[in-house]
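Peer 1: everything below, folded, please.
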Amino acid sequence: MATTTTATAVLDEAHVGTMDNVAYVVRCRTTGRRLLVDAAAEPETLLALVDGELDVVVTTHRHHDHVGALAAVVEATGARTAAGELDADELPLPVQQRLEHGDVLRVGDVVLEVVHLRGHTPGSVALLLRDADGPDHVFTGDSLFPGGVGNTFGSAEAFLQLLADVTERLFDVLDDDTVVHPGHGAPTTIGAERPHLASWRERGW
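Peer 2: A predicted model of the protein is given here:
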């Protein structure tokens, strides 16, 4: 488990499940209030990570490997649920907060900006945490990884939409030192991935 500290938050992560899903906890340094990004699997692990206290679970997208522990975590903590508007109806329990591009989530003193990234699923969202003391952090679900954008399942149209959204809404507005926290595997940075945008477009996936 890795821990990162920002001006307003402590970020913890846990790798869970058979697909190396990464679940992230964002904890306000002042109030202790917590947000979980993707209750993917292993509810016991996630409940230990949040120490039994949780305000909201944000699901980055509808796919089954990102929601396997959602019902159990919500039942145990009473946390509210949030997800992208266009994926919300596909989740295994009601979504109380339907997210649109440009929305803001607040957990104590922590502010997270919602970035809608269309393509991997219609309602995929990323969460951007800006940090006054260091690099910004963005939680990208399955929309951006080291080495490319997420799977668009053979759809050229969806691939071009996802690449356009990732380019315009992340690469065009974020600094190179911004840390990218994907839904699977290891983190990367905007700067590390930026030089490869043209090659991603050329290969088509």
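
Peer 1: need phi/psi at Leu46.
Peer 2: phi -70, psi -40 (degrees, to the nearest 10).

Peer 1: quick check, it in contact with His15.
Peer 2: No - look at Leu46 against His15 with Cβ atoms under 8 Å: they stay out of range, at 11.3 Å. Glycine gets a C-beta too; all of them are placed from N, C-alpha and C.

Peer 1: where in this protein is pLDDT low?
Peer 2: 1 (pLDDT under 70).

Peer 1: which helix in it has the most residues?
Peer 2: The single longest helix within the chain, with elements called by DSSP state H, is helix 156-166.

Peer 1: tell me, what residue is most central in this structure?
Peer 2: Phe139 (3.5 Å; Cα atoms, centre = their mean).

Peer 1: that residue and Gly183, how far apart?
Peer 2: 8 Å (Cβ to Cβ, to the nearest Å).

Peer 1: what sits in contact with each of those two?
Peer 2: Shared contacts of Phe139 and Gly183, defined by Cβ atoms under 8 Å, 6 or more residues apart in numbering, comprise Thr60.

Peer 1: returning to that earlier point: quick one: list the elements packing against the longest helix of the chain.
Peer 2: For helix 156-166, the contact count by 3 or more Cβ pairs under 8 Å, 6 or more residues apart in numbering; DSSP states H and E identifies strand 148-149, helix 197-203 as packing neighbours.

Peer 1: try it again with 6 Å
Peer 2: strand 148-149 (3 or more Cβ pairs under 6 Å, 6 or more residues apart in numbering; DSSP states H and E).

Peer 1: and the strand it packs on, what does it pack onto?
Peer 2: Packed next to strand 148-149, using 3+ Cβ pairs under 6 Å, 6+ apart, are helix 156-166.

Peer 1: buried ones in the helix it packs on?
Peer 2: 158-159, 161-163, 165-166 (16 or more other Cβ atoms under 10 Å).

Peer 1: where do the helices of this structure begin and end?
Peer 2: 43-49, 70-77, 156-166, 190-193, 197-203.

Peer 1: for the longest helix of the chain, C-alpha coordinates in CSV please.
Peer 2: Only the C-alpha atoms of helix 156-166 are listed here, as CSV (Å, rounded to 0.1, in the frame of the first residue of the first chain):
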residue,chain,number,x,y,z
ALA,A,156,-12.7,3.3,-34.0
GLU,A,157,-15.2,6.0,-33.1
ALA,A,158,-15.0,5.3,-29.4
PHE,A,159,-11.2,5.3,-29.6
LEU,A,160,-11.0,8.7,-31.3
GLN,A,161,-13.5,10.1,-28.8
LEU,A,162,-11.5,8.8,-25.8
LEU,A,163,-8.2,10.1,-27.3
ALA,A,164,-9.8,13.5,-28.0
ASP,A,165,-11.1,13.8,-24.4
VAL,A,166,-7.9,12.6,-22.8
